[in-house]
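> Predicted model, plus sequence, below.
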Amino acid sequence: MITVCSLARLQDTVERTGARRMITLINAGTRVDRPEIITTENHLFLAFNDITAPAEGLTPPGEAHVRDLLDFVHDWDRTTPMVIHCFAGISRSTAAAFITTCALAPTANEMVLATALRRASASATPNSRLVALADEVLGRNGRMVEAVRSIGRGADAFEGTPFSLSVAPRDPRPVPGRA
């Protein structure tokens with residue numbers, strides 16, 4: 001199970017879900033107090049701005065961020081929940097949750113996964129650049145991009161309400177292209 005939340009709801013969400021793994025997608029320099037129950041090796045911190053095109057003085061999501069995300073989620077044993085958060089719980093974290101569900105279910109239909117995301121969160125507005133980069137890395141041939149485009153922009157919100165998504169059970173077979 002993946003639960004998505006904002007930075008303000010992080011501590012409560014980790015405690016409520018019993019998560020032991022966490023992904024942070026936030027601007028560099030933003031203070032994030034990692035819950036004590038999450039060990040350093042079970043916390044991925046990806047520092048970039050929530051932008052969809054390069055802008056002077058800001059760090060856009062890049063392929064290296066996506067690859068680090070994919071490595072981290074592929075190593076997850078899925079026996080305990082994982083929390084994914086960004087500042088507001090609306091854009092970067094929802095993109096990472098969608099990417100995670102796609103990566104962990106390589107034959108799943110992207111539209112079905114995007115629709116599940118929309119049902120779970122009215123405000124989810126996945127960062128389109130992050131999704132496009134993942135679509136390319138995962139070889140989804142534009143289907144992830146189209147699926148996110150099809151659900152449209154989420155409802156306006158200052159902060160997303162925490163929500164959860166189910167993930168495919170771990171397949172004991174090796175992941176193609178990974179050692």
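Sure, I can see it. Residues are numbered from 1 along each chain as shown.
> show me where the chain has helices.
Assigned by DSSP state H, the helices in the chain fall at 10-17, 63-74, 92-104, 110-120, 128-138, 143-151.
> would a markdown table of those helices with mean neighbour count, mean pLDDT and distance to V4 be doable?
For glycine as for every other residue, the C-beta is placed from the backbone atoms N, C-alpha and C. Listed next are the helices of the chain as a markdown table, based on neighbours: other C-beta atoms under 10 Å; pLDDT from 0 to 100; distance: least, C-beta to C-beta, whole Å:
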| stretch | mean neighbour count | mean pLDDT | distance to V4 |
| --- | --- | --- | --- |
| helix 10-17 | 18 | 97 | 9 |
| helix 63-74 | 18 | 98 | 13 |
| helix 92-104 | 27 | 98 | 5 |
| helix 110-120 | 18 | 97 | 8 |
| helix 128-138 | 21 | 98 | 14 |
| helix 143-151 | 19 | 97 | 15 |
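> nearest to G29, of these?
helix 92-104 (15.3 Å; C-beta to C-beta).
> quick one, which residue of the chain lies the farthest from its center?
E56 (24.9 Å; C-alpha atoms, centre = their mean).
> about what we covered before: kindly reformat the helices of the chain as TSV and extend each row with distance to T80.
Output for the helices of the chain, formatted as TSV (distance: least, C-beta to C-beta, whole Å):
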stretch	distance to T80
helix 10-17	9
helix 63-74	14
helix 92-104	15
helix 110-120	20
helix 128-138	24
helix 143-151	26
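> wait, what's in contact with A155?
Contact analysis of A155 by C-beta atoms under 8 Å, 6 or more residues apart in numbering lists A122, S123.
> Which pLDDT value belongs to it?
A155 is assigned 88 on the pLDDT scale.
> That one and I26, how far apart?
Counting by C-beta to C-beta, to the nearest Å, the separation of A155 from I26 is 22 Å.
> dump the residue contacts of T161.
Contacts of T161 by C-beta under 8 Å, 6+ apart are G89, S121, S123.
> Which single one of these is nearest to G142?
Out of those, the member with the shortest distance to G142 (by C-beta to C-beta) is S121, at 23.1 Å.
> And the closest one, how far from A55?
26 Å.
> which of those two has more neighbours?
S121 (25 against 10; other C-beta atoms under 10 Å).
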